[in-house]
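Asker: I would like to see how this sequence folds:
(4 chains)
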Protein chains: 4
Amino acid sequence: MIPRYSRPEMTRIWEPETRFRIWFEIEAHAATASARIGIIPEAAAKNIWEKGSAATFDVARIDEIEAVTKHDVIAFLTHLAEHVGPDARFIHQGMTSSDVLDTCLNVQLVRAADLLIADLDRLLAALKTRAFEYKDAITIGRSHGIHAEPTTFGVKLAYAYAEFERARERMVAARKEVATCAISGAVGTFANVDPRIEEYVAEKMGLVPEPVSTQIIPRDRHAMYFATLGVVASSIERLAIEIRHLQRTEVLEAEEYFSPGQKGSSAMPHKRNPVLSENLTGLARMVRAYALPAMENVALWHERDISHSSVERMIGPDATVTLDFALARLAGVIEKLVVYPETMKRNMEKLGGLHNSQRVLLALTQAGVSREDAYALVQRNAMKTWELGKDFLTELKSDKDVTAKVPAAALEAMFDIDYHTAHVDTIFRRVFGSA
Amino acid sequence: MIPRYSRPEMTRIWEPETRFRIWFEIEAHAATASARIGIIPEAAAKNIWEKGSAATFDVARIDEIEAVTKHDVIAFLTHLAEHVGPDARFIHQGMTSSDVLDTCLNVQLVRAADLLIADLDRLLAALKTRAFEYKDAITIGRSHGIHAEPTTFGVKLAYAYAEFERARERMVAARKEVATCAISGAVGTFANVDPRIEEYVAEKMGLVPEPVSTQIIPRDRHAMYFATLGVVASSIERLAIEIRHLQRTEVLEAEEYFSPGQKGSSAMPHKRNPVLSENLTGLARMVRAYALPAMENVALWHERDISHSSVERMIGPDATVTLDFALARLAGVIEKLVVYPETMKRNMEKLGGLHNSQRVLLALTQAGVSREDAYALVQRNAMKTWELGKDFLTELKSDKDVTAKVPAAALEAMFDIDYHTAHVDTIFRRVFGSA
Amino acid sequence: MIPRYSRPEMTRIWEPETRFRIWFEIEAHAATASARIGIIPEAAAKNIWEKGSAATFDVARIDEIEAVTKHDVIAFLTHLAEHVGPDARFIHQGMTSSDVLDTCLNVQLVRAADLLIADLDRLLAALKTRAFEYKDAITIGRSHGIHAEPTTFGVKLAYAYAEFERARERMVAARKEVATCAISGAVGTFANVDPRIEEYVAEKMGLVPEPVSTQIIPRDRHAMYFATLGVVASSIERLAIEIRHLQRTEVLEAEEYFSPGQKGSSAMPHKRNPVLSENLTGLARMVRAYALPAMENVALWHERDISHSSVERMIGPDATVTLDFALARLAGVIEKLVVYPETMKRNMEKLGGLHNSQRVLLALTQAGVSREDAYALVQRNAMKTWELGKDFLTELKSDKDVTAKVPAAALEAMFDIDYHTAHVDTIFRRVFGSA
Amino acid sequence: MIPRYSRPEMTRIWEPETRFRIWFEIEAHAATASARIGIIPEAAAKNIWEKGSAATFDVARIDEIEAVTKHDVIAFLTHLAEHVGPDARFIHQGMTSSDVLDTCLNVQLVRAADLLIADLDRLLAALKTRAFEYKDAITIGRSHGIHAEPTTFGVKLAYAYAEFERARERMVAARKEVATCAISGAVGTFANVDPRIEEYVAEKMGLVPEPVSTQIIPRDRHAMYFATLGVVASSIERLAIEIRHLQRTEVLEAEEYFSPGQKGSSAMPHKRNPVLSENLTGLARMVRAYALPAMENVALWHERDISHSSVERMIGPDATVTLDFALARLAGVIEKLVVYPETMKRNMEKLGGLHNSQRVLLALTQAGVSREDAYALVQRNAMKTWELGKDFLTELKSDKDVTAKVPAAALEAMFDIDYHTAHVDTIFRRVFGSA
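Answerer: Predicted coordinates:
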């Protein structure tokens, strides 16, 4: 997480001030619940809420205390006591640090998930708009980087839409994975803290109680969360690479918006580079990498060890901030993408109609030629187009073995582009519900 | 995937024979659907089913053809034609290799998921049985490897149960991710193949149609699948490490079953090592590692490139076979785990009652001592126990600053072990639905 | 490791027969050394060598014994005793299984490294030949996928050469990392085995003694080895992606050799796809992934745990066999690469001379224009070329602000292609030692 | 990289001020070299050095310019021109941004490597001191977490020393990997920049010229660098886990220093946790994870794409700062480690002499018993010790099958501890050069 690739709303979730505020809320809700079941005085719980709500937590002061205690929660509680006064002794009753830390982390991850889902919604909206805009813009489909058969630019965006809709569903599931709360004490037995307190705090913080915590909330939940971010990032990479390909000098079917004043190269004034999409490719690598330490964090020793903590202090912000930035950047790229339908057509024509080769192959087999022979017939004409630049249809029409089975007129009809787009509406209906 | 860590049922899914059989079924269902919509003769479709069903696909022969064509699906179709005869030209009409390959891969992954879910069910059953067996077996909970407060061995197994129940849910979701079918042609436009064929094949193969495929089924689905396997493997690692810790010479609270004739060490005849659990730790590393190339596979170029293929030929079997083996091995370890409740008690007593320190701390704060002072009071007595081996309760009772606030009798009552297990039933009800 | 991506020489290293033969050699050398220092009878050592050398080790029989002992080295020793007779009791004296296993693994990894180095030599030779062949073949250099300035195809191959020369150096270093031997007993103290035995075995097996082993040879060595393979694989990926780009329909400056009979697509007979290079991209992902579990293997517990073993049984063969196959495949691709220098020129000309923009920029600054102003002057003419397809030189010559500083004749001279290739010899001398 | 896990000297390398200063030095050295070969006026080069050296680069101002140009190097050059005046047009002549960026990155990585090597030196010194201090402190060696045979605590530290000495060698090699400089222009052809300028700048910056750069310095170098950091981190994890094991309540053979005022647990005042070592385990996971995106960075498109940049902006600081912090923390842990030799002895005795089992086994085979029978004889007595807590020597002496071959007196002699430490000096000489 570096400022260059950060947006303020997501960054704020991970700032010390936010963390301490969430810690306070957890402690204060726990105090209220404790008062309700008669463990601490009602007045104390009320006082804790009032004093803490009014307080500004002094990060430097807390750091100072932690320098001595080497324990962050104790440092915070000591500072909180400075605000609350004697009633502070009713705070954190029967709780262990992890009750606060883990519940707080999950609150942060849930909030981060909410932002990421909103990011995805913006991206999906952009993809949908542009997909319909270019629904009928013919472009050559490419497999292995080689021209295959025609599709439309709208279909390309439709596949991205479908992919990010899946990403959204996964994020909703990931959010649910971590939306749990633990207030269960030193080894999760509730020995010193009543389970009703956990239930109360969970509800107030928008979480559900963790069925069985062992001082900590189990880390398989977080592993799943960060693995999901890695998969979402991989989908970003896919679309970014598509754009990079389309912007290549030789292809140039689409281009990132190039703002006035922007410079492409310090040395070469003519350059307009797909730098945003390239940047997204790199950011995807990072988000993906964070999934691994998250998985290694699962196997903590016995009821807990603290090795996960340093990892999460880093990947918690790093992964969510980077993914948030990347999703927003990608949405911007799509929203402003400059599309060149004329170039798409021109590129498609480079292969002299070869993209109809399969259709001819099918017609030959329908006309009784074996698959093997039909393949050879088509290939020998295709190779003349490929290697000598001949027009494919012309070659076919002058190949008597072909016309013996499929007459010239029928061949011509096969080179009608509408054939390839006949089912675009079907695809759009599947993806967007309407065409 | 090596024989040592493989089980036959899972291995079979990945054998060439199985693959060719699935390929045939896809082609034959497509032929039936094509006949239904009048594209090929009904008799041809029937003949394809009959000849193909009766045929034994000759792997060596197919390899031989592929050596020339350098294309596996064409090699298979050529061989299939040798069985079917002239009607073979009605096979694969308008389809592209990926229609067969990707749909087949998903069938294989779905079957693999079914086996993995069954594995998890066996493991869950074992965990539940052993959890109830040791529901009340007191053991010390440990954080940071250090004695914390008591819990029960049943609770330890309950947390594993809850974790693997989540693993099961994730596997069900992962199965759904890949349960799709694509029969959409060269770039996914259905130009040469009617969408109704896809719908028919999907239903017959137990899948749903992929909303938009682009020659290939999008690889974010598979990335999610393999990432999920990695998370499940990480949970295996957690439980395996727990067992390895429990079997340490100094702890020895539980032990893997050691069969008659088994040898622990070629050099040291006294050794009984937790080799199965250590092995599981290593296998988890492998399954986790496979998640990464699966994520890198997402960003294929344009409508597809084939870089994912070599990855999947390896991780498809490697990840599923290894995880299947690991889950089965772990279930076996749990089923036969030798548990020593007496040692658990003995170990717990090593700390002279220190595990009650928090309860004393709480009592002092309840009696009006500030949290800071209470902590100091408890810590000074705890350190005498820790460093000099004194009995904690005795020390507390002879500390006048303590007894001034909490009388000796009350202190004694605090050392009652039942205090720590009071909520075991709550936990069991949450996890198992009953206690 | 699957047959499809395996070559026999590397595969053989990992076969049980090879492993047992190496085990035998280690044991027999240890016996000889033991005899020399008087621990066992000379005759016994001689007998062990003779019987063992003559023996064929029966893998099935060893597996059978292991099924009972659950210990592979004991199973082998039991089988070896069946060949050797009573003198077998002098085998493995004071040794621990890991002495055999770890030394054997290192012998295998050293042999694998030797093959990989030979693979690199073949690849380097191919790169050098083709680099000199196309030393002067002008092609456009591309940054961000966008035309930048001219270079030559020979220079492209020279950078690959330099990169794989580094790969070779790294492999030599990686080989050295694992070229150690441990015969140090149960916890590495030589309590039951004289250090002279280790020294003798090491020398005979082409290794050096591990300075301090702790039953095992430390796994940081292997982590470094497999990490190095991952880096080498990443270089393969770079060159493979270069080729994939060059073969794109719109670029087509080079192409993988397409053999007679080969089929590009089951549906589209015209396709010639860079499938080998795509395949290499996928294989690189796999080799890279194996580096991770190798790194996780380092932190074994105390003097050793066996979690590394399952990982190494898999990645030992998987990583080396895959990398060997990939290097050989890449060498083949380079050796037979079909290069189209005419297309390179044609592609370069697409930008109307824009690749000289920097030179004009420099001339303007040399003529006293500020960098900022010069950039603006060049960019405004470049954009006319870029957006309207104008010829860059013509535009510059008709821009009076430009010609006021740099006369038309001077501008024309700047569009001489030789300017860009003036230092190709320098680069070749640096890389190949001669130009 | 977060402040909590950062040290100022390493952090400083990555600050914008440092980066701009290095950029300036590269540009100014290039200007001097350009003047020397007569491309720009000597006076201009002198002026650039003087003005730039005197200048304070205003990070906020540069950010402001970059917000318009979207190009960081151009923004810097524009700001530099504000300091230098009209001579600024002689700066960056014929260079491309990457000449500055990549050379700067390598300067930073080299400086980071120097700090890491210094960190390793401190750690090595600590390990050596403590190793000699505890050279003869007997402790039980453990394989699989189970008591094996005795070793000494000094030998444990010696293996760590040997491992970190390898880490140091690897860091020296990694430093060399990235100690290169590129001033070769837009696609590395030196078209607009004389190779002598690169040679001059390289020497002045403590680097060597990159043999062939292609706008960028090839990223296989950086992949190797970060992979090396990952391996070093893995060695940190190994030692950290050793300490965590030794500090377990049941083992407690060594302990992290616990400073006055430190608090182990907010809930349990008796806790003293190995939190530093646990933290190191987590940090190792992070450094390891950064190796992956570094490897994915290698395969840039054609002469370069910029996807590596975002990755490096993050992992450059993240990996080096985290590893620097971790090494320093580990050195501190070792320097102050509290060691309990008495507990080591006590723990060793828990197994009733079983650690001599192998020696008895060897004596039996020496006395003519087959390996198989000897193993069974030892194991049956070992199991009585293991399961019933009997004294191993007593059992052996009362087993007539044993004493028939090895008399009681000989058995007793085998239980002498010095047997196990006879070669400690050998090991120390190997590792430290003296014992």
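Asker: going forward, measure contacts between C-alpha atoms and count neighbours the same way
Answerer: Will do.
Asker: Would you mind naming what in the stretch 51-200 of chain A lies close to chain D?
Answerer: Proximity of the stretch 51-200 of chain A to chain D is confined to A:68, A:69, A:70, A:71, A:73, A:74, A:94, A:95, A:96, A:97, A:186 under the rule CA under 8 Å from any CA of the partner chain.
Asker: Which elements pack onto the longest helix along chain A?
Answerer: Selection of the longest helix in chain A by residue count, based on DSSP state H, yields helix A:97-133. Applying 3 or more CA pairs under 8 Å, 6 or more residues apart in numbering or on different chains; DSSP states H and E, we find helix A:97-133 packed against helix A:8-13, helix A:16-36, helix A:72-84, helix A:153-178, strand A:180-181, helix A:307-336.
Asker: re earlier: of the residues of the stretch 51-200 of chain A next to chain D, which is the most crowded?
Answerer: Of all these, the most densely surrounded is residue A:186 (34 neighbours; neighbours counted as other CA atoms under 10 Å in any protein chain shown).
Asker: In this structure that residue contacts residue B:147, no?
Answerer: No: with the criterion set as CA atoms under 8 Å, residue A:186 and residue B:147 do not qualify as a contacting pair; they are 10.6 Å apart.
Asker: helix, strand or coil for the closest residue in space to residue A:391 that isn't next to it in sequence?
Answerer: The shortest distance from residue A:391 to any residue that is not its chain neighbour, by CA to CA, 6 or more residues apart in numbering or on different chains, is 4.8 Å, and that residue is residue A:352. Assigned with DSSP: H, G, I helix; E, B strand; the rest coil, residue A:352 falls in the coil class.
Asker: Quick check: residue A:352 touching residue A:385?
Answerer: Yes: proximity of residue A:352 to residue A:385 meets the contact threshold set by CA under 8 Å, at 6.7 Å.
Asker: neighbour count winner among those two?
Answerer: With neighbours defined as other CA under 10 Å, residue A:352 and residue A:385 compare such that residue A:385 has more, 21 against 17.
Asker: residues touching that one, list them.
Answerer: Under the criterion of CA atoms under 8 Å, 6 or more residues apart in numbering or on different chains, the neighbours of residue A:385 are A:351, A:352, A:354, A:391, A:392, A:395.
Asker: Please give the centre-to-centre distance between the helix or strand containing the last one and its chain.
Answerer: Read that as residue A:395. Per DSSP states H and E, residue A:395 falls inside helix A:392-397. The gap between the average C-alpha position of helix A:392-397 and the chain average comes to 47 Å, counting by CA atoms, centre = their mean, to the nearest Å.
Asker: List the contacts of it.
Answerer: By CA under 8 Å, 6+ apart, the list of residues contacting helix A:392-397 from outside reads A:352-354, A:378, A:381-382, A:384-385, A:402-403, A:407-408, A:411-412, A:415.
Asker: out of the residues you listed, who has the most neighbours?
Answerer: Neighbours here are counted as other CA under 10 Å. On that basis the top member of these is residue A:382, with 30 neighbours.
Asker: follow-up on the earlier one: need the next SSE after the helix holding residue A:395, C-terminal direction.
Answerer: Once the chain leaves helix A:392-397, the next helix or strand it forms, by DSSP H and E, is helix A:400-403.
Asker: how far does that following helix sit from the chain's center?
Answerer: Counting by CA atoms, centre = their mean, helix A:400-403 comes out at 52 Å from the chain centroid.
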